[in-house]
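Q: sequence first, predicted coordinates after that:
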Amino acid sequence: MTGSSTASAVSPTRGLWAVARFAPLQVAVLLVLLSAGGVLETGRLTALASPDVWRHLSAGTWILEHRSVPHNILFSQDAQLPWVDSSWLFDVLTAVTVKVIGLRGLPLLDMAFKFAIGVALFVLARGARRRFWSGVVLSAIALYLFAGFPLRSSIASVLFFAVALTVITEFRSTGRQRVLYFLPPLFLLWANLDIQFVYGLMALILLLMAEAAEVFFRRSPTECFESHRLRISFRTIAAVTAASIAATLCNPYGFRLWGAALRSVSLFAADFYIPEMHSLRFRQPQDYVLLLLVMTAFFAIGRRHVRDLFSLLLLLACAIISFHLQRDAWLVAIAAVAVLAQVLDDSASEDARGFDVPSLTWVLPAASVAALIVLMVAFAIRVPADRDALLAKVSEKFPVRACDYIRQHDLPKPLFNTYDWGSFLTWYLPEYPVAIDNRTDAYGEDLTLGYFKLAAGQVPLAADPALSRASTILLEADSEMGKALSILPGYKQVYLDDQAMVLVHGN
């Protein structure tokens with residue numbers, strides 16, 4: 001008894017010493033985890049190659065100038081079409097950032113979101129508490145899967161979905177109902193940043209369904225107290241869910257935002273022509289890593305002796321969405337991290353936890369501050385401040401030189417353009433309304449599908465009204481459509497470089 005008491009008396013001290021001994025290493029590892037994505041961005045400047053970010057920038061600039069949100073599709077030849085700018089707050093954030101520090105603001109915004117996502121994933125994976133190393137591994141895997149994620153409004157959904165699942169798992173682990181009260185304000189902000197707030201509501205509704213099932217099946221008299229607790233918990237979740245749904249209606253468009261949300265998750269025939277709307281093709285390493293991560297999460301749920309209906313429903317729903325849409329592959333990655341972290345935390349015994357040294361409370365703040373310093377230094381050194389240098393980087397992806405030629409020579413309107421360049425043209429060449437861009441929800445099925453059939457050579461050139469009335473045509477240099485138009489009477493090629501060609505249609 002004496003030896004046992006002595007051992008237990010000194011164990012807390014030994015445990016604290018073990019934690020303190022590993023703290024510098026933990027700070028260093030976490031520093032690399034939180035800063036790696038941002039440092040890579042300063043060299044690659046992938047934010048300048050994102051097609052979507054230019055639409056956010058042009059719309060945000062318009063909102064700042066007019067101090068209102070648009071209700072019709074801006075910078076388009078079909079300006080009479082109604083449009084719900086579901087990411088209006090993200091647009092404003094993008095425009096303000098660029099207005100303050102110029103085009104450097106786009107890489108900076110991307111770095112900020114990647115840093116925040118890294119912190120959110122680490123916390124979701126329980127790395128800030130008892131399971132530091134498993135938290136680092138799970139976060140690193142998820143961040144690897146998100147490495148090529150473009151700068152657009154859905155990057156806010158990646159962050160907010162991780163935060164929402166953190167709140168939900170904290171409630172499920174501790175039973176503290178007050179943590180759920182953070183969700184309605186979260187959804188209030190989320191609904192104004194990106195349309196994919198519906199995925200967060202999906203997770204909350206699945207939690208409500210799981211709790212309802214628990215209440216329904218616990219009817220034994222011996223479980224009376226537990227049933228009473230579950231009923232109270234169910235009522236709290238129901239109230240929070242209702243409040244969160246109501247919070248999403250607090251936006252400039254009201255109920256119209258939900259109509260846009262439903263259209264964003266609907267299937268269209270034009271999706272066949274948009275690669276990111278396809279199912280996963282398993283042609284790159286990230287796809288196989290994602291599959292392995294999801295399979296591991298399902299296996300972890302299956303081998304548990306405790307029934308966990310919420311984790312199963314969440315992982316199943318997210319897997320169906322993510323494997324069907326490449327665009328939303330991030331969804332199941334975050335769900336898998338949450339499920340694996342929950343399983344590891346619940347199933348680990350006290351002895352097993354000794355293999356995963358917990359972190360001190362100051363490790364995450366210290367690593368975060370250090371990562372921010374590293375990111376600011378890297379940004380100041382590696383991201384050029386000169387606008388021309390940044391535009392040269394942009395021109396690697398978008399037709400900057402061709403647009404300059406169109407503007408300098410005051411080529412006639414209207415313009416016909418390719419789908420991939422439409423969003424960029426709304427910002428760089430706003431005086432020429434575009435024929436098409438990636439706001440497919442506003443253009444509708446007929447216009448979008450008509451363009452893609454034309455580009456694929458499935459319909460005659462004269463069948464597209466936008467092309468027939470166009471006076472200036474901006475296409476890729478190797479475009480089959482451009483080659484066909486250049487030999488037709490009435491069309492004259494006036495510009496050509498290794499990226500784009502410009503033709504003029506004379507009447």
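A: Perfect, I can see it now. What you see is a predicted model; the values in this text were computed from it and never measured.

Q: quick check: Leu503 is in a helix.
A: No. Counting by DSSP: H, G, I helix; E, B strand; the rest coil, Leu503 is not part of a helix but strand.

Q: I'd like to know how many residues surround it.
A: 24 (other C-beta atoms under 10 Å). All C-beta spots, glycine's among them, are computed from the backbone N, C-alpha and C.

Q: that one against Gly490, yeah?
A: No. Counting by C-beta atoms under 8 Å, Leu503 sits too far from Gly490 to count as a contact (9.9 Å).

Q: which non-adjacent residue is nearest the residue nearest the centre of the chain?
A: Centroid-nearest residue in the chain: Ile155, 2.8 Å away (criterion: C-alpha atoms, centre = their mean). Nearest residue to Ile155 in three dimensions, chain neighbours excluded: Phe113, at 4.9 Å (C-beta to C-beta, 6 or more residues apart in numbering).

Q: and the one you found, what does it touch?
A: With contact taken as C-beta atoms under 8 Å, 6 or more residues apart in numbering, Phe113 is in contact with 151, 155-156, 158-159.

Q: JSON lines for those residues, including secondary structure?
A: JSON lines is the format used below for the contacts of Phe113 (three-state DSSP):
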{"residue": "Leu151", "secondary structure": "coil"}
{"residue": "Ile155", "secondary structure": "helix"}
{"residue": "Ala156", "secondary structure": "helix"}
{"residue": "Val158", "secondary structure": "helix"}
{"residue": "Leu159", "secondary structure": "helix"}
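
Q: out of these, which is nearest to Pro414?
A: Pro414 lies nearest to Leu151 out of those, by C-beta to C-beta, at 29.3 Å.

Q: could you tell me how many residues sit around the closest one?
A: Neighbours around Leu151, by other C-beta under 10 Å: 24.

Q: need the contact list for it.
A: By C-beta under 8 Å, 6+ apart, the contact list for Leu151 reads 46-47, 50, 52-53, 106, 109-110, 113.

Q: let's go with 10 Å and repeat that
A: Neighbouring residues of Leu151 by C-beta atoms under 10 Å, 6 or more residues apart in numbering: 41, 46-50, 52-53, 56, 90, 94, 106-107, 109-111, 113-114.

Q: cool, Ser368 as well?
A: 27, 30-31, 34-35, 115-116, 118-119, 122 are the contacts of Ser368 under C-beta under 10 Å, 6+ apart.

Q: again with Leu454
A: Leu454 makes contact with 416, 436, 460-464, 466-467, 481, according to C-beta under 10 Å, 6+ apart.

Q: need the phi and psi values for it.
A: Taking degrees, to the nearest 10, you get phi -60, psi -50 for the backbone angles of Leu454.

Q: so which strand or helix has the residue lying closest to Asn438 once chain neighbours are set aside?
A: Spatially, and ignoring its direct neighbours in sequence, Asn438 is nearest to Ser423 (5.6 Å; C-beta to C-beta, 6+ apart). Assessed by DSSP states H and E, Ser423 sits inside helix 422-428.

Q: what of Phe379?
A: Element membership of Phe379, judged by DSSP H and E, is helix 363-382.

Q: avg pLDDT for that helix?
A: Summarised as a single mean, pLDDT over helix 363-382 is 95.

Q: and the strands in this structure?
A: All strands of the chain, identified by DSSP state E, fall at 415-417, 472-476, 491-496, 500-505.

Q: for the third one, packing partners?
A: Which is strand 491-496. helix 400-408, strand 472-476, helix 480-486, strand 500-505 (3 or more C-beta pairs under 10 Å, 6 or more residues apart in numbering; DSSP states H and E).

Q: at 6 Å what do you get?
A: strand 500-505 (3 or more C-beta pairs under 6 Å, 6 or more residues apart in numbering; DSSP states H and E).

Q: the last one too?
A: With contacts taken as 3+ C-beta pairs under 6 Å, 6+ apart, strand 500-505 sits against strand 472-476, strand 491-496.

Q: 8 Å instead?
A: helix 400-408, strand 472-476, helix 480-486, strand 491-496 (3 or more C-beta pairs under 8 Å, 6 or more residues apart in numbering; DSSP states H and E).

Q: again with the first one
A: Contacting strand 415-417 under the criterion 3+ C-beta pairs under 8 Å, 6+ apart are the following elements: strand 472-476.

Q: the strand it packs on pairs with which strands, and in what direction?
A: Sheet pairing for strand 472-476, assigned by DSSP bridges, gives strand 415-417 (parallel), strand 500-505 (antiparallel).

Q: output those as CSV; include the columns distance to Leu474 and mean pLDDT.
A: Putting those into CSV (distance: least, C-beta to C-beta, whole Å; pLDDT from 0 to 100) gives the following:
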stretch, distance to Leu474, mean pLDDT
strand 415-417, 5, 95
strand 500-505, 6, 93
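
Q: of the ones you listed, which stretch is the most buried?
A: Highest mean neighbour count among these (mean count of other C-beta atoms under 10 Å): strand 415-417, with a mean of 25.

Q: how far is that one from where the chain is centred?
A: Centre-to-centre, strand 415-417 and its host chain are 29 Å apart (C-alpha atoms, centre = their mean, to the nearest Å).

Q: contacts for it?
A: With C-beta under 8 Å, 6+ apart, strand 415-417 has contacts from 77, 406, 425, 429, 432-436, 466-467, 470-475.

Q: filter those residues down to the buried ones.
A: Among the contacts of strand 415-417, those classed as buried by 16 or more other C-beta atoms under 10 Å are 77, 406, 425, 429, 432-436, 466-467, 470, 472-475.

Q: of all the residues you listed, which comes closest to Leu391?
A: Closest to Leu391, out of all of the buried ones among the contacts of strand 415-417 and judged by C-beta to C-beta, is Leu429, at 13.1 Å.

Q: enumerate every residue touching the closest one.
A: By C-beta under 8 Å, 6+ apart, the contact set of Leu429 is 403, 406-407, 415.

Q: and these, which two are furthest apart?
A: Distances among the contacts of Leu429 were taken as C-beta to C-beta; the most separated pair is Arg407 and Leu415, at 11.3 Å.

Q: so where is the stretch 51-200 of the chain shaky, pLDDT-wise?
A: Applying pLDDT under 70 to the stretch 51-200 of the chain picks out no residues at all.

Q: ranges for the helices of it?
A: Per DSSP state H, counting those that start in this stretch, the stretch 51-200 of the chain carries helices over the ranges 51-66, 88-101, 105-124, 132-145, 154-174, 183-193, 197-217.

Q: ok, which of those comes nearest Leu314?
A: Closest among the helices of the stretch 51-200 of the chain, using C-beta to C-beta: helix 197-217, at 5.5 Å.

Q: buried stuff in that closest one?
A: Within helix 197-217, the residues scored as buried using 16+ other C-beta under 10 Å are 197-208, 210-211, 213-215.

Q: give the other helices and strands that that helix contacts.
A: Packed against helix 197-217 by the contact rule (3+ C-beta pairs under 8 Å, 6+ apart) you find helix 154-174, helix 183-193, helix 224-248, helix 256-264, helix 309-324.
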